[in-house]
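>>> Could you work out the structure for the sequence below:
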Amino acid sequence: MEIFLIGATGFVGGAVGALYHAVAGETPNRWLAERVADDLGRGTRGVGEAEAAATARRGYRFGGIR
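Predicted structure coming up:
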């Protein structure tokens, strides 16, 4: 049922030509971030807790993507 809702949400409210990502089960956030960055033609790198917290305070998510 969940996969249907994800598909329906993209179909009804999505933009033409947009790319959507969905995961199931216990998927590390890093894998999703790497896939999104790859689709955007961007690289990824690991950051420590302090740097991650600092970027989150500035309003960024996924290490720099707003």
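>>> In contact with G43: list those residues for me.
Each residue near G43 by C-beta atoms under 8 Å, 6 or more residues apart in numbering is listed here: A37. (Each C-beta comes from the backbone N, C-alpha and C, glycine too.)
>>> Give me the three-state assignment for it.
Three-state assignment for G43 (DSSP: H, G, I helix; E, B strand; the rest coil): coil.
>>> which residue ranges form the helices in this structure?
2-13, 29-39, 49-57 (DSSP state H).
>>> Quick one: list the elements packing against the last one.
By that I understand helix 49-57. Packed against helix 49-57, as judged by 3 or more C-beta pairs under 8 Å, 6 or more residues apart in numbering; DSSP states H and E, are no other helices or strands.
>>> Show the average pLDDT along that helix.
Averaged over helix 49-57, pLDDT sits at 81.
>>> Can you check which of the helices of the chain gets nearest to H21?
Distance to H21, taken as C-beta to C-beta, is lowest for helix 29-39 among the helices of the chain, at 6.2 Å.
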